[in-house]
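Undergrad: Just the structure for this:
(one chain, ligands or ions: 1)
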Amino acid sequence: MIDLNVKMQVPFVDLRAQYHSLKKEIDNAIFSVIEESEFIKGKYVSAFEKEFAAAYGVKHCIGVANGTDAIYILLKMLGIGEGDEVITVANSWISTSETITQAGARVVFIDTEPDFFSIDVSKIEEKITPRTKAIIPVHLYGQPAEVDKVKAICEKHKLIMIEDCSQAHFAEINGQTIGTFGLASTFSFYPGKNLGAYGDAGAVITNDDDLARKVRMYSNHGALIKHQHEMEGINSRLDGMHAAILSVKLPHIKKWNEMRLKNALYLNEKLAAIKGIEIPKIRKGSTHIFHLYVIKAERRDELQKYLKEKGIETAIHYPTPLPLLPAYKYLGQSEKDFPVTAQNQKKILSLPMFPELTREQMDYVADCLTKFYL
Ligand SMILES: *Cc1c(COP(=O)(O)O)cnc(C)c1O
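TA: Numbering: from 1, shown residues only. The predicted structure is shown next:
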């Protein structure tokens, strides 16, 4: 064991390490955008859209301002609104549900599966009503949700499936990349995501020509050609600078995902024997790109405090199940409506995870955890 009195700093993520590994290319990309004044949309955005669509093997990628807008715009352009219901999962970032409400529809939450933190597919059908229009599964923490099964339910009930891929760029389930199961999928390129810009950025992908056209139009004030507004829209465009940075990073994403997985497997091995914690599980037939490394821990809050004292940054994703937030008080739901999510929420803790995490940092984290549960 290493000397735990020698305190180490282990940040939750280290975006600087990644920047330094590509500094020259990123600096050049940023300066080119400025030099050519390609600030909003323009050639860098078009180039990234083409590259991302090609990497995903889909016909269309539309860059938008962020991953939240991506969901909102899709719902609007699918004609989902007043009087409709959209099903999603109780444990996610609020973007997934707030956009459903913003579109004018009613959000219907489903509990999570115990092991993989995704939507519990067995609990979906009982919540489908004649008003249900769509289901938004979320690939949370980098682990694919069972979108193959959700898709089958959608086909049976004639519903639309939109995949929220913001935490799982290029993860796979049964050999197929997530984001290619539904009618359309959404991505966030928030700086801390596995593929991150240097500010807010997002995208929609789809194979549907008509939907792609509408999304592009709506995100740009309802116009495909300047001043030709075919409808009213919003201002949600991808900036040239973010697109240029994303183009530099895109060729590296699979390697970074593998580095995360390797780190996660190393941590799993070091933490497996500790009584008091449960290490993250990987679903059979799936890849996991470990956007987050989430353990379930006894005495979680005490542990988090201890790790903080030891210089280890952690986080909770998310401290409150979405339906139990004050924002959703009007739904009148309680913990007993989401027993698995509510149970998990008291135990989940996200440990530091990023591609450049060192062996020393991971050994230190493992030793601190071991000591805490002695
Ligand atoms: C980050 C995230 C979003 C939203 O992305 P922004 O770019 O921050 O708007 C949506 N859904 C999930 C699951 C996310 O993690």
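Undergrad: tally of neighbours for residue 304?
TA: Residue 304 has 18 neighbours, counted by other C-beta atoms under 10 Å. Every residue, glycine included, has its C-beta placed from N, CA and C.
Undergrad: Pull the contacting residues for it.
TA: 314, 316, 349 (C-beta atoms under 8 Å, 6 or more residues apart in numbering).
Undergrad: want to throw the residues you listed into CSV with secondary structure?
TA: Below are these laid out as CSV (DSSP: H, G, I helix; E, B strand; the rest coil):
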residue, secondary structure
314, coil
316, coil
349, strand
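Undergrad: Quick check: of those, which lies closest to the ligand?
TA: Set against the ligand, the nearest of the contacts of residue 304 by C-beta to the nearest ligand atom is residue 316 (13.9 Å).
Undergrad: pLDDT score for that closest one?
TA: Residue 316 is assigned a pLDDT of 98 by the prediction.
Undergrad: Quick check: the gap between it and residue 301.
TA: 9 Å (C-beta to C-beta, to the nearest Å).
Undergrad: More neighbours: which of those two?
TA: With neighbours defined as other C-beta under 10 Å, residue 316 and residue 301 compare such that residue 316 has more, 16 against 11.
Undergrad: what about stretch 341-353, distance to the chain center?
TA: Its chain's C-alpha centre and that of stretch 341-353 lie 16 Å apart, by C-alpha atoms, centre = their mean, to the nearest Å.
Undergrad: Same question for it: list its buried residues.
TA: 341, 342, 344, 345, 347, 348, 349, 350, 351, 352, 353 (16 or more other C-beta atoms under 10 Å).
Undergrad: Could you pick out which of the residues you listed are located in strands?
TA: Per DSSP state E, strands hold the following members of those: 348, 349, 350, 351.
Undergrad: Going by residue numbers, what spans are helices in the chain?
TA: 15-21, 23-35, 42-56, 67-77, 95-102, 147-157, 209-218, 240-249, 253-271, 300-309, 339-345, 359-372 (DSSP state H).
Undergrad: List, one by one, the residues from the stretch 1-150 of the chain near the ligand.
TA: The stretch 1-150 of the chain comes close to the ligand at residues 66, 67, 68, 92, 93, 95, 96, 138, as judged by C-beta under 6 Å from any ligand atom.
Undergrad: okay if I get the residues you listed as a markdown table plus neighbour count?
TA: Below are these laid out as a markdown table (neighbours: other C-beta atoms under 10 Å):
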| residue | neighbour count |
| --- | --- |
| 66 | 23 |
| 67 | 27 |
| 68 | 23 |
| 92 | 27 |
| 93 | 19 |
| 95 | 22 |
| 96 | 26 |
| 138 | 25 |
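Undergrad: Which member of the residues you listed is positioned nearest residue 195?
TA: Residue 195 has its nearest neighbour among those in residue 67, at 11.1 Å by C-beta to C-beta.
Undergrad: mind listing what that closest one touches?
TA: Neighbour list for residue 67: 95, 164, 166, 186, 187, 188, 189, 190, 193, 202 [criterion: C-beta under 8 Å, 6+ apart].
Undergrad: mind redoing it with 7 Å?
TA: Residue 67 sits next to 95, 166, 186, 187, 188, 190, 202 when contact means C-beta atoms under 7 Å, 6 or more residues apart in numbering.
Undergrad: Considering the residues you listed, which possesses the most neighbours?
TA: residue 186 (32 neighbours).
Undergrad: now, which of the buried residues of stretch 341-353 sits nearest the ligand?
TA: residue 350 (12.1 Å).
Undergrad: what's across from that closest one in the sheet?
TA: Beta bridges link residue 350 to residue 294, residue 315 when assigned by DSSP bridges.
Undergrad: Much appreciated, bye for now.
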